[in-house]
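**Q** Quick one, what's the 3D model for this:
(one chain, ligands or ions: 1)
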Amino acid sequence: MTQSSDSSILLGWAQLQDINIHKSLQIKPTPQAGLGIFYTGSDPLVTSEDAEPSTLISVPNKVILTAENIRTFALSYGTTLLPLLRNGEDEEMVSERGTILRFLLFSLHRFAAPRLQKVAWESNCYSAYLGFMPSPLLQQTDDHQSLLTSPSAPPPTFWTPGQINKAVGTSLYAPLSAKLRLLTSEFEQFSSQWRDVFEKVDGAGQADVEISFAEYVRADWLVTSRVMELPIWDEPKLGIVPIIDFANHTNPSDVNARYEITDDAVKLVSLPGRIASGDEIFISYGPNKGSSEILFTYGFLIDSENASCECVKMRVRDGGVLQLVYGRPPVAQFEVRDGKVTWECEFLWLLCVTEEDGFEVSVAQQIEGPPDVDMSIHGQTLSGVRGQEAVEAIKEAYGSDDKMRDVMELRRVLILEKWLSGWMEDLARVEVRQGVEADEHITEAESAETEDPVDGIIETLRQREERVYLLVLEELEKRKDELAQSDAVLTYLAAQDEAPEAEQASVETVEAELR
Ligand SMILES: C[S@@+](CC[C@H](N)C(=O)[O-])C[C@H]1O[C@@H](n2cnc3c(N)ncnc32)[C@H](O)[C@@H]1O
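**A** Predicted coordinates:
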């Protein structure tokens, strides 16, 4: 089967589904990103700088793989697909993500029983499209699949425990470990549900009642890397938009198309003057996403050298006040955009106020459920105030105090500096830590002799994150020097020198850090 006939299968399917595609578009392999969308014409309505944005692809809502459409579609499958879309024990439907994932699993599984294969694939009106889904680990046997260029390194959820361990210290490690734990526990439950459903089918054999973890991880990756949040209905919904989902990512400054969402369709429209004949159509998967986030979600490293922005999001686990007030570790965000360094760590307000300032947090452990957390500011108790609301209350109470504002900022700077230095040390540590015990389903397939492309990815990620931390540390150092000279801080320190010994604990820390 040739490349053009490949593309024509997909485009023919799209036509049957009332998907409108500009006549000069092709879907074909790219050197690094699997399949992509290419413009091959010279229509001035698309290429000219003076043209209006032009619709390249328009996908009607009824074709989008949303949970709602899949549930409707599942009704025609009788006893096979529908029971998979419910939670095993109760009769409730699974989440939107779960529904899309289970539909993909059902459609892409190779059933041995002809009856099941017919229902899942041959009578599936999405199969012509689903046949083009990438498969980073599984061996491809389909004619058109074998033509796809597979990426040199698999996405992180496919990494072996040994590969994952090498990411220790990067901002990828914790979310990746957590995701694999989640996938493992979901899979335990789902694989037995799958077995229950297919054991009842006449003629079902071993290949029909068993589903592998690798299949589950692949379906999850397809959902994660292709799903969009669609604000079409009253409440935004998740959906995979066929054909438009072949658009690859580039840096925001190089994009040549964007999404347009109307009441009845999702469209890909051109950016005037950005597309020439032969160009690939590119969108941006998120201008504020850093290397780690793109790697986690889409499985590749962005071209950060040419990007105007690098961003690191790190979950902060203090096991204390933050955990109590936020419920889960909050995210510290650092950004270097066009050379400008910024950070977003509002939750540090929770750590820069002390009992000495009239701030207290008290915890009452419940017999069941999370503990009750009360905050008290200058003797006034605020019950059940959590997260950003708690931060706002502290800012309101202390942020307007001219005498304390700089002191508090200095405390925040010092805490952040300490965290960043710790994270830099973690990044520099070469030792491999204890494995991700959850990942028992993927067998170790590493060879010491062959060069592992995942090593290169992790090393690049380490270097990028280290650079961001270094730039933030430089800024913090400057800010620390400014604050140390501020009248408010000098007055505060002088007053503390005169204060009785017992009251000096916090300033001693501040002074020690300043030295
Ligand atoms: C929405 S899909 C795009 C279509 C995809 N290329 C395919 O063959 O089906 C997103 C996936 O495309 C690949 N991709 C997109 N942009 C890329 C890029 N700039 N570099 C490498 N891979 C990219 C990644 O595998 C990503 O998870």
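
**Q** my guess is Gly41 meets Gln26, correct?
**A** No - with contact defined as CB atoms under 8 Å, Gly41 does not reach Gln26; the gap is 9.9 Å. Yep, even glycine has a C-beta here, placed from its N, CA and C like the rest.

**Q** Looking at those two now, which is surrounded by more residues?
**A** A direct count of neighbours by other CB atoms under 10 Å for Gly41 and Gln26 places Gln26 higher, at 19 against 16.

**Q** Any stretches of this protein with poor pLDDT?
**A** Applying pLDDT under 70 to the chain flags the ranges 1-6, 78, 89-90, 137-151, 305-307, 365-367, 369-370, 430-450, 499-515.

**Q** The ligand contacts on the stretch 151-300 of the chain?
**A** Proximity of the stretch 151-300 of the chain to the ligand (CB under 6 Å from any ligand atom) is limited to residues 151, 225-226, 245-246, 248-250, 298-300.

**Q** swap the cut-off to 8 Å and go again
**A** 151, 155, 221, 225-226, 245-250, 282, 285, 297-300 (CB under 8 Å from any ligand atom).

**Q** Of all residues in the protein, which one is nearest the centre?
**A** Centroid check for the chain by CA atoms, centre = their mean gives Thr297 as the closest residue, at 4.3 Å.

**Q** Contacts only, for it.
**A** 224-225, 285, 289 (CB atoms under 8 Å, 6 or more residues apart in numbering).

**Q** tell me the SS of it?
**A** helix (DSSP: H, G, I helix; E, B strand; the rest coil).

**Q** do you know how far it is from Gly327?
**A** As judged by CB to CB, to the nearest Å, Thr297 and Gly327 stand 23 Å apart.

**Q** for Asp50, same thing?
**A** 53 Å.

**Q** Between these two, point out the one with more neighbours.
**A** Between Asp50 and Gly327, counted using other CB under 10 Å, Gly327 has the larger neighbour count: 12 against 7.

**Q** isn't the more buried one right up against Gly387?
**A** Yes - using CB under 8 Å, Gly327 is in contact with Gly387, at 7.3 Å.

**Q** Select from the residues of the stretch 151-300 of the chain next to the ligand every entry located in helices.
**A** Among those, the residues falling in helices (DSSP state H) are 221, 225-226, 297-298.

**Q** Pull the most distant pair out of the residues you listed.
**A** Arg226 and Thr297 (10.3 Å; CB to CB).

**Q** What's the local residue count around Lys418?
**A** Neighbour tally, Lys418, other CB under 10 Å: 11.

**Q** could you say what helices and strands the helix or strand harbouring it packs with?
**A** In the assignment (DSSP states H and E), Lys418 maps to helix 402-428. Here helix 402-428 touches helix 349-352, helix 387-398, helix 453-484, helix 487-498, helix 505-514, going by 3 or more CB pairs under 8 Å, 6 or more residues apart in numbering; DSSP states H and E.

**Q** where does the residue in the chain that the ligand sits nearest to fall, phi/psi-wise?
**A** Nearest residue of the chain to the ligand, counting by CB to the nearest ligand atom: Gly34, 2.6 Å away. Main-chain torsions, Gly34, degrees, to the nearest 10: phi 80, psi -130.

**Q** roughly how far apart are it and Met93?
**A** Gly34 is 31 Å from Met93, by CB to CB.

**Q** Compare the two (neighbour count), which wins?
**A** Gly34 (18 against 14).

**Q** Go ahead and confirm the more buried one touches Phe132.
**A** No - here Gly34 lies out of contact with Phe132, judged by CB under 8 Å, at a distance of 9.1 Å.

**Q** May I see the buried residues of the helix or strand harbouring Ser376?
**A** When elements are assigned from DSSP H and E, Ser376 belongs to strand 372-377. By neighbour count on 16 or more other CB atoms under 10 Å, the buried set for strand 372-377 is 373, 375, 377.

**Q** Report the beta-bridge partner residues of the last one.
**A** For Ile377, the beta-bridge assignment (DSSP bridges) gives partners Phe359, Gln380.

**Q** Roughly how far does it sit from Arg110?
**A** 62 Å.

**Q** Same check on the first one?
**A** Applying CB to CB, one obtains 51 Å for the distance of Val373 from Arg110.

**Q** Same question for Thr491.
**A** Counting by CB to CB - Thr491 and Arg110 are separated by 74 Å.

**Q** same check, this time on Leu45
**A** Leu45 is 44 Å from Arg110, by CB to CB.

**Q** try Ser486
**A** 68 Å.

**Q** Ser284 now?
**A** On the measure of CB to CB, Ser284 and Arg110 end up 35 Å apart.

**Q** out of those two, which sits in the busier spot?
**A** Neighbour comparison, Ser284 and Arg110: the larger count goes to Ser284, with 19 against 13 (by other CB under 10 Å).

**Q** Could I get the contacting residues of the more buried one?
**A** Applying CB under 8 Å, 6+ apart, the residues near Ser284 are 249-252, 255.

**Q** Do I have it right that Ile244 meets Ile57?
**A** Yes - the pair Ile244 / Ile57 is scored as a contact, 5.3 Å apart, by CB under 8 Å.

**Q** what touches both of these two?
**A** Common neighbours of Ile244 and Ile57 (CB under 8 Å, 6+ apart) are 267-268.

**Q** Quick check: Val363 is in a helix.
**A** No - per three-state DSSP, Val363 lies outside any helix segment and is strand.

**Q** count of neighbours near the closest residue in space to it that isn't next to it in sequence?
**A** Once flanking residues are discounted, Val363 sits nearest to Pro371: 4.8 Å by CB to CB, 6 or more residues apart in numbering. If you count neighbours by other CB under 10 Å, Pro371 ends up with 10.
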